[in-house]
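**Student:** Show me how the following folds:
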Amino acid sequence: MIFVDFLLFGVGLFILSGIKTSGEEKRSALEIDVAVEAEVAPDTTPPEIVLEGDAEIGLFEGRSFFEPGFTARDDVDGELTEKVETSGEVDTNRAGVYKLKYSVRDEAGNLAETTRLVFVYKTWYTFQSTPTKNFEELEAYIKNNGWDISFGYYNFQTGRTYMFQGEKVYYGASLVKTADAMYAFETGDVDATSRALVRRAITYSDNSAHIALVQRFGIENLRRYGEQIGMKKHLKGSELYGGTYYFCDTTVEDQLAEWKHLWELINNSPHGEELRLYFINNFWDNLSFSGSPVHMYKNGLYGNNYHEVGIIFADSPYAVVMLSTEGWRSNSTTIVKDLSHRIFMIHQLVVEGEV
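**Tutor:** Residues are numbered from 1 along each chain as shown. Below you'll find the predicted structure:
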């Protein structure tokens with residue numbers, strides 16, 4: 001017969017004390033102490049490091065790099081952010097790929113590691129001659145290089161407009177998607193489904209999302225919307241590609257009309273800031289150059305057609321349109337960055353009243 005005086009749990013031991021009686025001997029309750037070590041599962045789970053911002057960051061030479069931050073937690077030890085060790089450096093004055101390493105151990109010695117890659121790109125544009133000082137010089141520069149490029153400029157504060165081959169027709173490709181987002185936010189059809197489709201259509205240039213939005217809103221409604229904001233060719237088929245149903249041709253004139261209206265929406269709509277961010281977080285940004293202001297943009301790419309359109313948030317904001325049949329080739333981004341920087345420099349002179 002055993003009497004249990006007490007059980008002690010939580011420290012890895014429990015003790016049984018009691019009296020055992022047999023036919024031949026009796027023992028006191030204090031004569032038997034049995035210690036049994038309880039089994040405790042070892043901690044083998046490493047902590048988790050979560051990077052804030054992107055795991056891959058790109059910037060151009062000469063720009064500043066700021067660590068976006070990170071957090072670390074362990075399922076046993078809790079918060080470990082202050083114990084994270086970092087290694088690696090980024091030299092923003094030299095193009096290359098830089099690896100930043102983050103590591104931390106918990107009390108049991110389990111190691112967690114992760115990395116962030118920082119791509120420092122060369123400033124691709126190079127001025128082969130004296131930078132252009134006005135739009136007429138820019139036209140000559142394009143012609144001298146033999147490029148098939150039309151461009152447009154519009155200053156939102158002064159209304160100054162300049163177009164080079166403004167009526168020339170190009171297949172618009174993914175530029176058609178800008179109106180999807182504008183229509184959704186201007187008509188108030190901004191439920192969760194619309195938001196998800198707009199984000200995919202603009203930020204990732206997803207064709208299936210664009211088609212879903214056209215089906216959701218109705219192609220005739222979107223055509224009328226394009227006409228109302230001053231576009232002549234929006235969703236009216238393509239003279240160049242056999243009247244494709246969901247895409248269309250475009251011109252510099254159409255694009256300036258569209259982006260003027262987009263400017264009104266982002267400044268006056270209750271959803272303006274949300275709409276702006278879809279375009280700022282877009283990809284394939286080739287309007288940027290070393291020292292370029294923040295800008296929102298959309299591109300179009302199909303066959304030999306390669307376009308960039310955007311709004312540059314300079315001290316005096318302006319819209320810029322570049323439509324081309326230069327195609328997606330090795331020097332296309334170089335050309336666009338070069339022209340974008342030249343237009344920015346001309347813009348500075350426009351604002352100062354020198355041109």
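**Student:** excluding its backbone neighbours, what's nearest residue 77?
**Tutor:** residue 106 (4.8 Å; Cβ to Cβ, 6 or more residues apart in numbering). Bear in mind the C-beta positions are built from the backbone N, C-alpha and C, glycine included.
**Student:** Now the phi/psi pair for that neighbour, please.
**Tutor:** phi -90, psi -180 (degrees, to the nearest 10).
**Student:** who's in contact with stretch 210-226?
**Tutor:** Residues from elsewhere that reach stretch 210-226 (Cβ atoms under 8 Å, 6 or more residues apart in numbering): 174, 176-177, 179-180, 182-184, 187, 189, 193-194, 197-198, 201, 233-236, 245-246, 258.
**Student:** In it, which residues are buried?
**Tutor:** By neighbour count with 16 or more other Cβ atoms under 10 Å, stretch 210-226 contains the buried residues 210, 211, 212, 213, 214, 216, 217, 222, 223, 225, 226.
**Student:** returning to what we had before: could you list which of the contacts of stretch 210-226 belong to strands?
**Tutor:** Using DSSP state E, no member of the contacts of stretch 210-226 falls in strands.
**Student:** picking up where we left off before, report the two of the buried residues of stretch 210-226 separated the most.
**Tutor:** Farthest-apart pair in these is 212 and 226; separation 18.3 Å (Cβ to Cβ).
**Student:** Could you say whether residue 231 sits in a helix, a strand or coil?
**Tutor:** Under the three-state scheme (DSSP: H, G, I helix; E, B strand; the rest coil), residue 231 adopts coil.
**Student:** Check what pLDDT the closest residue to residue 117 other than its chain neighbours gets.
**Tutor:** Nearest non-adjacent residue to residue 117, counting by Cβ to Cβ, 6+ apart: residue 56, 4.8 Å away. Residue 56 is assigned a predicted lDDT (pLDDT) of 77.
**Student:** what's the distance between residue 56 and residue 89?
**Tutor:** Applying Cβ to Cβ, to the nearest Å, the value for residue 56 to residue 89 is 17 Å.
**Student:** and what of residue 138?
**Tutor:** Applying Cβ to Cβ, the value for residue 138 to residue 89 is 39 Å.
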